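> Structure for this input, please:
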Amino acid sequence: MTINSFRKLAAASALGVALLLGTSVESSAQKTDEQRQQKQERKQQQAQERQQQQSQQKAERRQQRQQEQSQPAQQQQPQFEQRQRHADRNQGQQDQAQQQRQFEQEQQRRQAERNQRQQNQQQQDQILQQQRKQQKAERKQQNQAAEAEQQRQQQAGRQWSNNDQRGSRDQQGSRQWSNNDQRGSRDQQGGRQWSNNDQRGSRDQQWQGRQRDEQFQQQRLERYRQQQQQQQRLDWQRRQLLERERRIAQLRYQQRYLDRLRQDQYRRQSWQYTYAPPQYRYYRAGRYYEANQYAADLLRQAVRNGYEEGVRAGLSDREDRWRNSYQDSFGYEDASVGYNGYYVDLTEYQYYFREGFRRGYEDGYNGAYRYGTYSNGVFSLLGNVLGAILEFQPYRY
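I've put the predicted structure just below:
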């Protein structure tokens, strides 16, 4: 009994010890895991703190470098701006010098064109002067022939009176009467022959005048064809200049002017030439010029067309706020709107067109109608102004 109890007690003690050992081992294992976890957490926290410190240090170093870089840039910025302003100033001076050179070249070109026009006009004036001299010489010959014919008629009249006197003195002789009658009949036949000669001479004069006028007409048409070729070149040059100067209103005016020239070309296909003798004369540049009714109407229309185009050109320059310069207008340089190629020379038409253009430009640019009127979209030249520019007188043969 005692041994069994002892055994039971020993077994219970061994069991208790085992339980205690197991509990202690589990508790020590748990403690070891907690410590290990705490160490890992402390390591992670320390790593995060080190990363934060490194990031903060990097940011500070970056900010410091930026400040160091910005300080030289701020110090160099005034110098860079100064160099930039100096470069801009030099570029502006170069552009201004280039524009000045272009302007001078354009002025030289215009002056050369004006000189060329003056030379052409002088040549045309010389040709016209030669033609006038030739016409005068022919008229002088015709007048001399007419005077000679009148002298022959006067002599014939004196012969008739002498024959009458002979007849009165010789009434007694029938033979003498017969002779006088025969002489009178011959004189009458001679008078009819002279009359026929006069009619034939007038027809010859008209035929010669028609031939000369047709020759002049061919020369006028040839010069007008040359003018049309110059119009294309002048249009391109003027268009480039106006676009460069941004003169929009003047560019529209030039396009409208070209449209009128094209309309003239279409109308010219249906125009027909009709010969007419001179009826008027007018004075220009120190001498008189002859003109028939068609030529007189055309020259009057040249002044009116010039005035209308001048007003429109002046209004365009005023809209563009450009300087007063009627000679630089395409209409003034061309001066051929309304010209049909007949009856008057192109230079003559251009002269009176420009006379009207100059006055119209002044009215349009100043906005005060001094030489004409405006009504319902139509610009009209005053009659007294037209008479002062172009005055016709009856032509005397």
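
> show me where the protein has strands.
Along the chain, counting by DSSP state E, strands occupy 280-284, 287-291, 372-375, 378-381, 392-394.

> can you put these in CSV and add mean neighbour count?
All C-beta atoms are positioned from the backbone trio N, CA, C, and that covers glycine. Output for the strands of the chain, formatted as CSV (neighbours: other Cβ atoms under 10 Å):
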stretch, mean neighbour count
strand 280-284, 15
strand 287-291, 15
strand 372-375, 13
strand 378-381, 17
strand 392-394, 11
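
> so can I have JSON lines of those strands showing mean pLDDT and distance to R321?
Output for the strands of the chain, formatted as JSON lines (pLDDT from 0 to 100; distance: least, Cβ to Cβ, whole Å):
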{"stretch": "strand 280-284", "mean pLDDT": "93", "distance to R321": "36"}
{"stretch": "strand 287-291", "mean pLDDT": "92", "distance to R321": "41"}
{"stretch": "strand 372-375", "mean pLDDT": "94", "distance to R321": "21"}
{"stretch": "strand 378-381", "mean pLDDT": "94", "distance to R321": "22"}
{"stretch": "strand 392-394", "mean pLDDT": "92", "distance to R321": "41"}
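
> W271 is nearest to which of these?
Of all these, it is strand 287-291 that lies closest to W271, at 17.8 Å by Cβ to Cβ.

> Within its sheet, name the partner strands of that closest one and how each one runs.
Strand 287-291 has the following strand partners under DSSP bridges: strand 280-284 (antiparallel).

> what's in contact with the strand it pairs with?
288-293, 295-296, 299, 351, 390-395 (Cβ atoms under 8 Å, 6 or more residues apart in numbering).

> how does it look with 7 Å?
Under the criterion Cβ atoms under 7 Å, 6 or more residues apart in numbering, residues Y288, Y289, E290, A291, A296, L390, E391, F392, Q393, P394, Y395 lie in contact with strand 280-284.

> In PDB, please show the C-alpha coordinates belonging to that strand.
Output of strand 280-284 as PDB, limited to C-alpha atoms (Å, rounded to 0.1, in the frame of the first residue of the first chain):
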ATOM      1  CA  TYR A 280     -12.000 122.500-133.800                       C
ATOM      2  CA  ARG A 281      -8.600 123.500-132.600                       C
ATOM      3  CA  TYR A 282      -7.200 123.800-129.100                       C
ATOM      4  CA  TYR A 283      -4.100 125.300-127.600                       C
ATOM      5  CA  ARG A 284      -1.600 123.300-125.500                       C
END
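
> Out of the strands of the chain, flag the one nearest V337.
Here strand 378-381 is closest among the strands of the chain (Cβ to Cβ), at 13.4 Å.

> Against which helices or strands is that closest one packed?
Packed against strand 378-381 by the contact rule (3 or more Cβ pairs under 7 Å, 6 or more residues apart in numbering; DSSP states H and E) you find helix 293-319, strand 372-375.

> now the contacts of strand 280-284 as JSON lines including distance to Q98?
What follows is the contacts of strand 280-284, written out as JSON lines (distance: Cβ to Cβ, whole Å):
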{"residue": "Y288", "distance to Q98": "52"}
{"residue": "Y289", "distance to Q98": "48"}
{"residue": "E290", "distance to Q98": "53"}
{"residue": "A291", "distance to Q98": "50"}
{"residue": "A296", "distance to Q98": "51"}
{"residue": "L390", "distance to Q98": "45"}
{"residue": "E391", "distance to Q98": "50"}
{"residue": "F392", "distance to Q98": "52"}
{"residue": "Q393", "distance to Q98": "55"}
{"residue": "P394", "distance to Q98": "60"}
{"residue": "Y395", "distance to Q98": "57"}
